[in-house]
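In: build the 3D model from these lines:
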Amino acid sequence: MTESEADDRDLTHVDESGRAEMVDVGDKPDSRRRAVAEGTIHLQPSTVDAVRANDVSKGDVLATARVGAVDAVKHTWETIPLCHQIPITNVDTEFTVDDSRIVLSVAVETTGKTGCEMEALQGVTTGLNVVLDMVKAAEKDDDGGYPETRIDDVRVVEKTKRQVG
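Out: Numbers count the residues shown, from 1 in each chain. I've put the predicted structure just below:
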């Protein structure tokens, strides 16, 4: 077996001929699942100060980003191809505000047949995009660019699964 053939065997979203398909989870037992993802947006210190002081013209940045993150979690199945629609039982968001960055952590919980990592990641990326959208006027340089602004280090930091009962 070639390395390519071995890799293909590990792909769960393709059939034998390589066509994309949704994974059938119908026979899997329900379990309690939790995934936590986090990511960082780097901003100018003056922008972070404005966020901290709730002095951004578009409104409360972190409250709006929290709503955006939760909404994104709930709609992940609509934006990620072949992603199952799952029953979200809880979403927790936590912001850590440092001198020149904001870290967003999104924890998602579900009871069902498939995990919630994609939902946690979707919450983080959308939440951080909301932050950027709300502060971009303050971040813009004289040429209209964002040389100090970046979103990075988005990753799943925790994944748990426990049998129901």
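
In: sheet-wise, list the partners of the strand ranked longest in the chain with their directions.
Out: What stands out as the longest strand in the chain, according to DSSP state E, is strand 150-163. If you go by DSSP bridges, strand 150-163 pairs up with strand 31-42 (antiparallel).

In: for the residue most central in space within the chain, give its distance to Asp49.
Out: The centroid of the chain falls nearest to Leu121 when counting by Cα atoms, centre = their mean (2.3 Å). Distance from Leu121 to Asp49, counting by Cβ to Cβ, to the nearest Å: 29 Å. To be clear about C-beta, it is placed using only N, CA and C from the backbone, and glycine gets the same treatment.

In: re the thing from before, which helix or strand contains the residue nearest to the centre of the chain?
Out: Element membership of Leu121 [criterion: DSSP states H and E] is helix 117-139.

In: so which elements touch that helix?
Out: strand 31-42, helix 45-52, helix 61-74, helix 76-79, strand 88-97, strand 101-112, strand 150-163 (3 or more Cβ pairs under 8 Å, 6 or more residues apart in numbering; DSSP states H and E).

In: can you add distance to Ser17, mean neighbour count and mean pLDDT and give the ones you listed back as TSV?
Out: Shown next, in TSV, are those (distance: least, Cβ to Cβ, whole Å; neighbours: other Cβ atoms under 10 Å; pLDDT from 0 to 100):
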stretch	distance to Ser17	mean neighbour count	mean pLDDT
strand 31-42	31	21	97
helix 45-52	50	17	98
helix 61-74	33	20	98
helix 76-79	25	14	96
strand 88-97	34	15	98
strand 101-112	29	21	97
strand 150-163	30	13	97
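
In: so which bits of stretch 127-144 are buried?
Out: For stretch 127-144, burial by neighbour count (16 or more other Cβ atoms under 10 Å) applies to Gly127, Leu128, Asn129, Val130, Val131, Leu132, Met134, Val135, Ala138, Glu139.

In: contacts for it, please.
Out: 39-41, 43-44, 46-47, 50-51, 56-59, 61-62, 64-66, 68-69, 72, 93, 102, 104, 106, 146-149, 151, 154 (Cβ atoms under 8 Å, 6 or more residues apart in numbering).

In: and that stretch, how far out from the chain middle?
Out: The chain centre lies 19 Å from the centre of stretch 127-144; the measure is Cα atoms, centre = their mean, to the nearest Å.
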